[in-house]
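Asker: Structure here, sequence nowhere to be found:
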């Protein structure tokens, strides 16, 4: 009987310790962003295209512009494509930058438009699915317009992917072409977010700021902000975000160097 009591006591101590450890990790991830461990270098290319250099791994986001746009840049280890539109999907650019060891991640609608060799290499993620690659976890999240209508909409739910990329305690959110959806607003623990704002395709500046204030990333890059009427007012976006939350760092990078 004493042996059983002793074993039960040890089990309770171990369970309590495991809970406390998990609770500490969760608290740290949700707390002060300066406590998070990974450093992410962001290299804007143009509009929706960028490079992340993170823990020795190079991640391309929606590469377009052809091989010259990436001359002198580190080779792609992981490539993420969000949607079928030409400002996100360029098969000629993919053919130039996707190497033998590159992981190409796409939604099914994108794979359906890839030529044979690229299609054979592509790994499909649908909304809600995840994959692991090079110590990164990549999760596909919905990107779509609101209100949800029919297929005449610019971006229908389930066709394209936003992505949350995680490593250690750091998480990067690539929104793609989307409104401030419930899925975006429910995100937590995001360190860097890339948020679009170009009507009529995604959000207004005001809508984008309101969505950001809902999920409060540590740092946000307005990107994908060229529309039919020119460039969105990203300075106003910064003002609106910081009026609601001073601790969010808004980074105004140069996404349109020729304008």
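Answerer: Yes, it's here. Only a predicted model underlies this, so the values are computations on that prediction, with no experimental measurement involved.

Asker: Was I right to think residue 193 contacts residue 212?
Answerer: Yes - shown here, residue 193 and residue 212 form a contact pair, counting by Cβ atoms under 8 Å, at 6.9 Å. C-beta here means a position set from N, CA and C on the backbone, and glycine is covered the same way.

Asker: Spell out which residues are contacts of both of those two.
Answerer: With contacts taken as Cβ atoms under 8 Å, 6 or more residues apart in numbering, the residues that reach both residue 193 and residue 212 are residue 220.

Asker: can you pull the buried residues of stretch 128-141?
Answerer: Within stretch 128-141, the residues scored as buried using 16 or more other Cβ atoms under 10 Å are 136, 138, 139, 140, 141.

Asker: Looking at those residues, spot the one nearest residue 114.
Answerer: residue 140 (16.9 Å; Cβ to Cβ).

Asker: Who are the contact partners of the residue nearest the centre of the chain?
Answerer: The chain has residue 174 as the residue nearest its centroid, 2.2 Å off, counting by Cα atoms, centre = their mean. Contact analysis of residue 174 by Cβ under 8 Å, 6+ apart lists 61, 80, 82, 162, 163, 164, 165, 194.

Asker: what's near enough to touch the residue nearest to it when sequence neighbours are not counted?
Answerer: Nearest non-adjacent residue to residue 174, counting by Cβ to Cβ, 6 or more residues apart in numbering: residue 163, 4.6 Å away. Neighbour list for residue 163: 80, 82, 105, 138, 139, 140, 141, 173, 174, 176 [criterion: Cβ under 8 Å, 6+ apart].

Asker: Name the surrounding residues that touch the host helix or strand of residue 241.
Answerer: Element membership for residue 241, per DSSP states H and E: helix 234-244. With contact meaning Cβ under 8 Å, 6+ apart, helix 234-244 is reached by 197, 205-206, 208-210, 212-213, 220, 222, 225, 248, 250, 252.

Asker: hmm, back to that, give me the phi and psi for the residue nearest to residue 174.
Answerer: Taking degrees, to the nearest 10, you get phi -140, psi 140 for the backbone angles of residue 163.

Asker: which stretches of the stretch 51-200 of the chain aren't confidently modelled?
Answerer: Low-confidence regions of the stretch 51-200 of the chain, defined here as pLDDT under 70, cover residues 148-153.

Asker: For it, which segments count as strands?
Answerer: 57-61, 78-80, 103-106, 123-124, 130-133, 136-143, 160-167, 170-174, 192-196 (DSSP state E, counting those that start in this stretch).

Asker: Residue ranges of each domain in the protein, please.
Answerer: For the chain, automatic domain parsing gives the domain ranges 1-30, 36-250.

Asker: Out of the contacts of residue 163, which comes closest to residue 55?
Answerer: residue 138 (13.9 Å).

Asker: Does the closest one touch residue 106 like I think?
Answerer: No - judged on Cβ under 8 Å, residue 138 makes no contact with residue 106 at a distance of 11.4 Å.

Asker: Which residues are in contact with each of the two?
Answerer: With Cβ under 8 Å, 6+ apart as the test, residue 138 and residue 106 both reach 80, 125.
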